[in-house]
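# sequence and predicted structure are below.
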Amino acid sequence: MQQPLKYLGIMVETEPLRKKILKPYVLSNSTPMKLYSFTPLSIHWRTGLVRGLEYIAGTWRERMFPFPHVVYNRCYNRESLLFKRIEQVIGKGRCFNHTNYWNKMDMIRFLSQSLPDHIPETYVYRPQDLLMLSEKHPLMFFKPSYGSKGTGVYRSERKPEGSYWVGLHYNRPMAVLEQQTEWVVYLESLIGSKSYIVQKGISSISHPSLRIFDIRALLQKNRQGNWDLTNLISRIANEGSYNTSICDDIHPTAFWLRTFLTESSKNTVLHEILQIGMQTAHMLDSLGMGSGEFSIDFMLDEHLHPWIIELNGSPQKELYENMPERRIVYQRPVEYAAYLARSNG
């Protein structure tokens, strides 16, 4: 007996994104599910239909679809009422990644409960605390509470002679402040009333190229509904930059570490990152945020100790374009959607 057709709806923010985001998932689909992309504004609540876009045999077609059996959220927002309304139609637990716009301080506090040895000292930004923090930490990073790709992240370093160097994206300062009070006023002018955190800088391991790198762990749920570490990549910051989002070079982490570590040291680092990643994944499940994937950015210090720099609730897939077996990055969410469709009837 032929099984009824089941749809996965990939929800994106705007119509121009529908083709770009949908296509790689369709081309990597190894399940019987049919895929279409749609926006929140294309939902027709009265009729129970959705105006979506599908890609079949090299042809794009826009039409009205029934409500999907599962929704994979690729919007980056904090709207929760929309997802509650969707789940009232398709069933609870069938919309995944519905909470993916994470407050950095909230996540750090949560992770610190179980992983305190891997979280740099972090504070809510308050101008009145800056003098105390500058005495405690010569190197600090000021980050927006919400944000990605290193946007608005400032680096501040107190030099041995007492001056303060403040930079954006690059180690080269955009301002040198001779007095502590000047430094406070300057930071206030940059940040204003925006919500920021302050994080202790990590003395990262020196690569022979002297370029800063990170380790991004992509974790996704699989066809059995369990967490897997899908991929580990390292973004190599451009020369003179501390922002690994500004990079021309991306390599599989195992390859990159092999260029300057022994095989034993490399394997130890990879194993520890796997353990931290899986522990983080299960902790996120306990929050009930419906996560089906996320990524963690790590930095290694001089002792090869991994530090969690950031969690990303909506991982960038473009980073994997030139990586081996890139298809699995797109396969996993569809396989997880098929699992949800089966397990929820």
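Here it is on my side, so go on.

# got the domain ranges for this protein?
With domains defined by automatic domain parsing, the chain comprises 7-96, 104-118+205-313, 122-200.

# now do the last one: distance to the chain's middle.
This points to domain 122-200. What separates the centre of domain 122-200 from the centre of its chain is 23 Å, taken as Cα atoms, centre = their mean, to the nearest Å.

# before we move on, what about the longest one?
A distance of 10 Å separates the C-alpha centroid of domain 104-118+205-313 from that of its chain, computed with Cα atoms, centre = their mean.

# so for it, what's the average pLDDT?
Here domain 104-118+205-313 scores 93 as its mean pLDDT.

# endpoints of it, how far apart?
Using Cα to Cα, to the nearest Å, one end of domain 104-118+205-313 lies 11 Å from the other.

# hmm, back to that, in JSON lines, list the domains of the chain along with mean neighbour count and distance to residue 319.
Using the backbone N, CA and C atoms, a C-beta is placed for each residue, glycine as well. Listed next are the domains of the chain as JSON lines, based on neighbours: other Cβ atoms under 10 Å; distance: least, Cβ to Cβ, whole Å:
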{"stretch": "domain 7-96", "mean neighbour count": "17", "distance to residue 319": "13"}
{"stretch": "domain 104-118+205-313", "mean neighbour count": "17", "distance to residue 319": "6"}
{"stretch": "domain 122-200", "mean neighbour count": "16", "distance to residue 319": "11"}
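
# what would those look like in a markdown table with distance to residue 342?
Putting the domains of the chain into a markdown table (distance: least, Cβ to Cβ, whole Å) gives the following:
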| stretch | distance to residue 342 |
| --- | --- |
| domain 7-96 | 10 |
| domain 104-118+205-313 | 9 |
| domain 122-200 | 33 |
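
# so residue 313 sits against residue 294, correct?
Yes - using Cβ atoms under 8 Å, residue 313 is in contact with residue 294, at 5.5 Å.

# what do these two both touch?
With contacts taken as Cβ atoms under 8 Å, 6 or more residues apart in numbering, residue 313 and residue 294 have residue 100 as neighbours in common.

# report all helices and strands that the biggest helix by length in the chain contacts.
Counting residues, the longest helix in the chain under DSSP state H turns out to be helix 263-287. Helix 263-287 sits against helix 104-112, strand 215-221, strand 227-237, helix 253-258, strand 293-300, strand 306-312, with contacts defined as 3 or more Cβ pairs under 8 Å, 6 or more residues apart in numbering; DSSP states H and E.

# so which other helices or strands are in contact with the first one?
With contacts defined as 3+ Cβ pairs under 8 Å, 6+ apart, the secondary structure elements packing on helix 104-112 are strand 122-124, strand 196-200, helix 263-287, strand 306-312.

# how about the longest one?
Under the contact definition 3+ Cβ pairs under 8 Å, 6+ apart, strand 227-237 sits against strand 215-221, strand 247-252, helix 253-258, helix 263-287, helix 327-343.

# pairing partners for the second one, with directions?
What that stands for is strand 247-252. In the sheet, strand 247-252 lines up against strand 227-237 (antiparallel) (DSSP bridges).

# the strand it pairs with vs strand 215-221, what angle?
Strand 227-237 runs at 150 degrees relative to strand 215-221, counting by axes from the mean of the first three to the mean of the last three Cα atoms, to 10 degrees.

# could I have strand 227-237 exported to PDB, CA atoms only?
The C-alpha atoms that make up strand 227-237 are tabulated as PDB, following Å, rounded to 0.1, in the frame of the first residue of the first chain:
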ATOM      1  CA  TRP A 227      22.200  14.200  18.200                       C
ATOM      2  CA  ASP A 228      25.300  13.700  16.000                       C
ATOM      3  CA  LEU A 229      28.400  15.800  15.400                       C
ATOM      4  CA  THR A 230      28.000  16.300  11.700                       C
ATOM      5  CA  ASN A 231      31.100  18.400  10.900                       C
ATOM      6  CA  LEU A 232      34.100  20.200  12.300                       C
ATOM      7  CA  ILE A 233      35.500  23.100  10.400                       C
ATOM      8  CA  SER A 234      38.100  25.800  11.100                       C
ATOM      9  CA  ARG A 235      37.800  29.300   9.800                       C
ATOM     10  CA  ILE A 236      41.100  31.000   9.400                       C
ATOM     11  CA  ALA A 237      40.900  34.700  10.100                       C
END
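
# got the helices and strands packed on strand 227-237 as JSON lines, with distance to residue 99 columns?
Formatted as JSON lines, the helices and strands packed on strand 227-237 follow (distance: least, Cβ to Cβ, whole Å):
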{"stretch": "strand 215-221", "distance to residue 99": "15"}
{"stretch": "strand 247-252", "distance to residue 99": "27"}
{"stretch": "helix 253-258", "distance to residue 99": "27"}
{"stretch": "helix 263-287", "distance to residue 99": "8"}
{"stretch": "helix 327-343", "distance to residue 99": "16"}
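
# identify the residues contacting stretch 263-271?
Contacts for stretch 263-271 (Cβ under 8 Å, 6+ apart): 215, 232, 253-254, 257-258, 261, 300, 304, 306.

# tell me which of the residues you listed is nearest to residue 203?
residue 300 (10.2 Å; Cβ to Cβ).

# run through the residues that contact the closest one.
Going by Cβ under 8 Å, 6+ apart, residue 300 touches 204-205, 215, 269, 306-307.

# roughly how far does it sit from residue 265?
As judged by Cβ to Cβ, to the nearest Å, residue 300 and residue 265 stand 10 Å apart.

# and residue 158, by the same measure?
On the measure of Cβ to Cβ, residue 158 and residue 265 end up 32 Å apart.
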